[in-house]
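Peer 1: What shape does this take:
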Amino acid sequence: MHIPDGFLNAGASIGGAVVAVGGLSVSIRRTTQILEEKQAPLAGLVAAFIFAVQMLNFPVAAGTSGHLLGGVLAAVLVGPWAGAVCVAVVLIVQSLLFADGGLTALGVNIVNMALIAVFCGYGIFLLLRRVVPRTHTGVTISAGVAAMLSVVLAAVGFTIEYAIGGTGGAPVGTVAAAMAGVHLLIGIGEGVITAMTVGAVLAARPDLVYGTRDLIAPVELRESTVTPTRSAP
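Peer 2: Model prediction:
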């Protein structure tokens, strides 16, 4: 999914950078407005976890491999705005320090994995929450399915970008078929990892999970109705 240098022309790369800067600017501003203090450490842990897991590839088919994108995982745990920032930070560090994804394609990679995967995936998660049981199991299933589909949507985003400014020479139809098939399989792995991770956090600290805010009943303080009694003199 990490696009290397030279795979897209200058126009597509610059366009992706503009969209990425705009999307991240809004995400950062919204994150500072709504991120709760108790969730700030979790956001750091989410970014570190995604960074570590993205370094581990799992085999898919025909010699190809995939890795976790982490968009839906981040969105469910800390919200889509902070989730987009977390994934973008991971992509920037990988590009600058490990040459994983080209510098000229950094903006496009952020668009695909930190914007499309996060916000479209979280939208699917919210839609699924409307039809599944309002339980922790329902949240886990919704997160897993949304994560799987988010990978496919990110692949569709790349296909559109390739159609606009691809320099590889391969027909767009061939690229679309290859991306859809491989990333559907990668998405299955993404869904499993996301569901397991969300389930583990829900079991330990459900109050920290952004996607379960509606399942946590507010604590109500009630005045005592017991009338104090006085002892006889």
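
Peer 1: In terms of pLDDT, where does Phe119 sit?
Peer 2: Here, the pLDDT recorded for Phe119 equals 97.

Peer 1: Let's check: the centremost residue of this structure is which one?
Peer 2: Centre of the chain computed as the mean C-alpha position; nearest residue by CA atoms, centre = their mean is Gly71, 1.2 Å away.

Peer 1: Spit out the contact partners of the closest residue to it other than its chain neighbours.
Peer 2: In space, and not counting its chain neighbours, Gly71 is closest to Ala117: 3.1 Å by CB to CB, 6 or more residues apart in numbering. Backbone N, C-alpha and C define where each C-beta goes, glycine included. When contacts are counted by CB atoms under 8 Å, 6 or more residues apart in numbering, Ala117 touches 69, 71-72, 87, 150-151, 153-154.

Peer 1: Taking these, tell me the two that lie furthest apart.
Peer 2: Maximum pairwise distance among the contacts of Ala117 (CB to CB): 14.0 Å, between Val87 and Leu153.

Peer 1: Next, the buried residues of the lengthiest helix in the chain.
Peer 2: The longest helix of the chain (DSSP state H) is helix 172-204. Buried residues in helix 172-204, counted by 16 or more other CB atoms under 10 Å: 175-176, 179, 182-183, 185-191, 193-195, 197-199, 201-202.

Peer 1: Please tell me I have it right and Asp5 contacts Thr104.
Peer 2: Yes - between Asp5 and Thr104 there is a contact under CB atoms under 8 Å: 5.0 Å.

Peer 1: Counting by contacts, list what the longest helix of the chain packs against.
Peer 2: Of the remaining helices and strands, those touching helix 172-204 by 3 or more CB pairs under 8 Å, 6 or more residues apart in numbering; DSSP states H and E are strand 65-66, helix 71-78, helix 136-165.

Peer 1: and these, which is most packed in?
Peer 2: helix 71-78 (a mean of 31; mean count of other CB atoms under 10 Å).

Peer 1: which of the residues in the helix or strand that that helix is followed by are buried?
Peer 2: For helix 71-78, the succeeding helix or strand toward the C-terminus, using DSSP states H and E, is helix 80-98. Within helix 80-98, the residues scored as buried using 16+ other CB under 10 Å are 80-92, 94-95.

Peer 1: For Ala163, state which of those residues is nearest.
Peer 2: Out of these, the member with the shortest distance to Ala163 (by CB to CB) is Leu91, at 22.3 Å.

Peer 1: Any figure for the gap between that closest one and Ala48?
Peer 2: 14 Å (CB to CB, to the nearest Å).

Peer 1: who touches the nearest residue to His2 once chain neighbours are set aside in this structure?
Peer 2: On the basis of CB to CB, 6+ apart, the spatially nearest residue to His2 that is not a chain neighbour turns out to be Gly101, at 3.6 Å. Each residue near Gly101 by CB under 8 Å, 6+ apart is listed here: 2-4, 91, 94-95, 109.

Peer 1: Next: Ala99.
Peer 2: By CB under 8 Å, 6+ apart, no residues touch Ala99.

Peer 1: Quick check: it vs His2, distance?
Peer 2: 10 Å.

Peer 1: Tell me which of the helices and strands packed on helix 172-204 sits nearest to Gly22.
Peer 2: Of those, nearest to Gly22 by CB to CB is helix 136-165, at 15.5 Å.

Peer 1: Many thanks, have a good one.
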